[in-house]
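Chemist: Pasting the sequence and the predicted coordinates here, then a few questions.
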Amino acid sequence: MVWGLAPDSHAPHPILCTDKVLTPWLPGSLPTIQYERMHTVLKRVSDDPNGRTLLHAYATWATLRDKRPDIIWREGQRHANATTTPAGAGGGIGWQVDLDFLAQATLAQALKELADRYKDITQVQFQDPYACLGMNHTLHTIDPQQERSWNDWLTAGPDGEPRQARQRAIERMRACLIEMRCYGGLDHARFLDLLLTLSKARERTPCMHMCLDLAYLELDSIPPIPPQVDAVNLSGNVLDNWNNLPGWLRSLDLRGHRGSWPRDVALPAELVELDLSGSDLTTAPPAFLDRLRPLRHLSMLSLRDTNIRVLPGMTNTVRSLDIRDNHFRAIPANLPSGLEFLHASGNPLQALPADMHGLPADLRCMYLQSASTQGLEVPEGLRRNTRLYIDLVPTTGAGITPLETTLRDLLGVFLNCADGCFPADARRYQEAAARWDTLCRELVDDPDRGVEVFAFRAFLKGLAQAPAYLKHEKFRQGVQAWIIDLANRRGLLDTTLGACLEATESCGDRVVFAFNRLMIHRLNCDIEDGLLDGDIARVIDIARQVYSMGVLDDVAARLLYEIRRDSIEAVVHRAGRPGSLNADIIGAPEVLNEIRELEHRIDTRTHHDFVLDELELRLALLCLVSDPDALDLWALAPERASVVSSQIDGQRVRPLAVAEVRRRGALEFPAFLAADYAPWSSLLKRRAADEYARAEADLHESVAATTFDAEVDAAAQAVTQGLDDSNVRDDARKDAGVMVTRRLRLQALLPVTLRFLNEVAVNGGPIELPFGCRLSAEPASEPDTTPDGLAPAQAGWQRA
């Protein structure tokens, strides 16, 4: 049974993927449901430009080493903290990837996991995995036509230094193309930067392009750029011939340009980033500056230190504009309407606009801080806009910046003592408020934390307006306790500031969803920091909630699968007959394989289509089962708006989801606690240090024992008996290796957990595990039926 689905012997064979970037992950021997789910997860990653770069690098490495990933498909177990507990590791037969975790993770978390695994298996951060390749290897071959175009360009140049500069450029491009083949389209240095960026798991990571570095080569002409390159750095050259400027470039760097500007050559229409900083634009013909306006994809434009006094016209798609160190006396009136970030420090600004009238409506940050802007005052009309962050040196005599003022005001709302508050609580709130006064000043004065502090303020503002906070006193008390905890624990505060960056991109329920994640993180930190070593019952209850939310993620994934499948069948039905898809409605039969692409369902209130929001559905499911009479998820915010907007069938789903969590918990919770819940392991290392150390030593000895391979072979043979397909046998052996390793881990660590729990007394009696689990090494037997009278594997998952 996979992904909670009953096996289907009548399922058709999977439609095999032809994308070479994904095929190393998709063995054709997989059952159809596994194949399609895996393809859906990988398709989501490959749809992201950075994700596709990473998968492309995986494919190259796998082809060169003739290795495939070991895909882990569990039947219930789940990593509670997959970001801190590795879901895979390098191995002699390939690498291990936990698709359960990748399917449940956000895109940023999935990319982080894959980036970390790539570093594990290749050690690319310490060495070049391709350094041993011979010069005749296929990765070192260059297209003969490209070589001819380079040679023609070289011989067309004048003798002497210009031709030598062209020769250096050709050598650099040749080396760059070889590295691009190895690292998914990036050179070695930029690929390492990508891995580092993805490892931070930040949301909305900007796309990293391959930038061909031809800077400061004294080139007088643009060389023939290979078609694989979409970003070029031509800074510091003396270009006079622009005829080879490619029309497909997405990023162009012309910092410090010292040659002539083109009159008849258009800028690439696909440009997303353009850097002209340090170049004298007063010598540029008007026709060149006019070419900024048609660039409909331009998002980032730098005109820093270009001697301009008037902002040239440009497309409204520009989100980030840098006009630092120029001669502007006022904020330009013709800023792009889509602008979000404006860098204007170093200009002799006389005053700021009185209000947002005339400024872009989406403007979020204005960076103005410099000696030339010191003393400027922020008008009240701008100060009232809480969405706008203005980085500016405060006026002489003003002790507090607007950001610090609003941040303190918001924290004061959360720490306000209600009427009838106990004196001890009042003192606690006052002490926390005093600490926050100091923290606010430190955070605002830290130049590296400006955006994080601004995001934290926006998150607090959204939280104060959330229905859960306004309606529920218990939730308000939880928020107050969290604010006080942040004031006392600087490490927790630092982690929270980074997490709030994601929350500022959302609103309403999504702010509450982010707060729920922060609460779980806080509770896990409480355990890891030893704050709950004396309250084992609370630790177990926290672990119960973490486990329950993991199972609910599986349930939500199954519900989403049902909705998409039913949506496809509804479209087929509307087309007239099964198997005949109307091209106007859906596009092509490939949708049956690209199941994630169809995101619509029918609004039961209006009978119109609406876009399916995965996060909204997950929120709705959590809300349905969080009550004390269901799963008692007290760490979660009691927000109900998503239940209505998601149109989830609460009457049907609620009892089935609760039954599924309890059924699986009775079978799996002790193993989850012992093997998968990292905070519990950290507690045992303190409370049962000697026994835990012996168990870990026994585990390492068991894995290293000569009988390990024999056990793996025996387990694989039991699955493949009678089958001659070598690929199936290889896959079975990999799965068996994971299974045997986990069994050995449980054999070593589960007894430590159970003995510790048997020795712990709560209120004079033994501790009780949730879900009816027993304090023994024998798992509870699986119930024969559910309340609906169906087999457990079928309950709730049979379609009407």
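Modeler: That came in fine, so what should we check first?
Chemist: hey, which helix or strand in the chain has the poorest pLDDT?
Modeler: strand 90-91 (a mean of 37; mean pLDDT, DSSP states H and E).
Chemist: OK, contacts around the residue lying closest to residue 42 once chain neighbours are set aside?
Modeler: In this structure, residue 42 finds its nearest non-sequential neighbour in residue 22, 5.1 Å apart by C-beta to C-beta, 6 or more residues apart in numbering. Backbone N, C-alpha and C define where each C-beta goes, glycine included. By C-beta atoms under 8 Å, 6 or more residues apart in numbering, the contact list for residue 22 reads 39, 42, 43, 46, 55, 59.
Chemist: mind listing what residue 482 touches?
Modeler: 518, 519, 522.
Chemist: name the element it belongs to?
Modeler: Using DSSP states H and E, the element containing residue 482 is helix 473-488.
Chemist: Go through that helix and flag the buried ones.
Modeler: 475, 476, 478, 479, 480, 482, 483, 484, 485, 486, 487 (16 or more other C-beta atoms under 10 Å).
Chemist: State the mean pLDDT of that helix.
Modeler: When pLDDT is averaged over helix 473-488, the result is 83.
Chemist: and the helix or strand just after that helix, how far out from the chain's middle?
Modeler: Where DSSP H and E defines the elements, the next helix or strand beyond helix 473-488 is helix 490-503. Put simply, helix 490-503 sits 15 Å off its chain's centre (C-alpha atoms, centre = their mean, to the nearest Å).
Chemist: likewise stretch 264-272?
Modeler: 32 Å.
Chemist: Any chance you could give me that stretch in CSV, C-alpha atoms only?
Modeler: Listed next in CSV are the C-alpha coordinates belonging to stretch 264-272 (Å, rounded to 0.1, in the frame of the first residue of the first chain):
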residue,chain,number,x,y,z
ASP,A,264,20.8,50.9,-34.4
VAL,A,265,21.0,47.7,-32.2
ALA,A,266,18.0,47.0,-30.0
LEU,A,267,18.4,45.7,-26.5
PRO,A,268,17.3,42.1,-26.0
ALA,A,269,13.5,41.9,-25.8
GLU,A,270,13.6,39.2,-23.0
LEU,A,271,15.8,41.2,-20.6
VAL,A,272,14.8,40.7,-17.0
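Chemist: which residues are contacting it?
Modeler: Contacts of stretch 264-272 (C-beta under 8 Å, 6+ apart): 230, 242-243, 245-252, 274, 291-292, 294-300.
Chemist: avg pLDDT for that stretch?
Modeler: 89.
Chemist: For the stretch 451-600 of the chain, give me the ranges with low pLDDT.
Modeler: 467-468, 470-474, 499, 501-510, 564-600 (pLDDT under 70).
Chemist: Recalculate using a threshold of 50.
Modeler: 506-509, 577-600 (pLDDT under 50).
Chemist: can you tell me the helix or strand for the residue nearest the centre of the chain?
Modeler: The centre of the chain sits closest to residue 108, judged by C-alpha atoms, centre = their mean, with a distance of 1.0 Å. Taking DSSP H and E as the criterion, residue 108 maps to helix 107-122.
Chemist: Average pLDDT for that helix, rounded please.
Modeler: 83.
Chemist: nearest spatial neighbour of residue 443, skipping sequence neighbours?
Modeler: Closest to residue 443 by C-beta to C-beta, 6+ apart is residue 453, at 4.8 Å.
Chemist: Make sure the one you found is actually in contact with residue 406.
Modeler: No. When contacts are counted by C-beta atoms under 8 Å, residue 453 is not listed as touching residue 406 (10.6 Å).
Chemist: Make CSV from the contacts of residue 482 and add secondary structure to it.
Modeler: Compiled in CSV, the contacts of residue 482 are given as follows (DSSP: H, G, I helix; E, B strand; the rest coil):
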residue, secondary structure
518, helix
519, helix
522, helix
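Chemist: Export those residues as JSON lines, with columns for neighbour count and distance to residue 260.
Modeler: Formatted as JSON lines, those follow (neighbours: other C-beta atoms under 10 Å; distance: C-beta to C-beta, whole Å):
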{"residue": "518", "neighbour count": "20", "distance to residue 260": "55"}
{"residue": "519", "neighbour count": "19", "distance to residue 260": "60"}
{"residue": "522", "neighbour count": "18", "distance to residue 260": "60"}
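Chemist: Among these, which one sits closest to residue 770?
Modeler: In terms of C-beta to C-beta, no member of the contacts of residue 482 lies closer to residue 770 than residue 519, at 18.8 Å.
Chemist: contacting residues around that closest one?
Modeler: 478, 482, 635, 636.
Chemist: how near is the first one to residue 634?
Modeler: Okay, so that is residue 478. Residue 478 sits 9 Å away from residue 634, going by C-beta to C-beta, to the nearest Å.
Chemist: Could you report the neighbour count for residue 179?
Modeler: 19 (other C-beta atoms under 10 Å).
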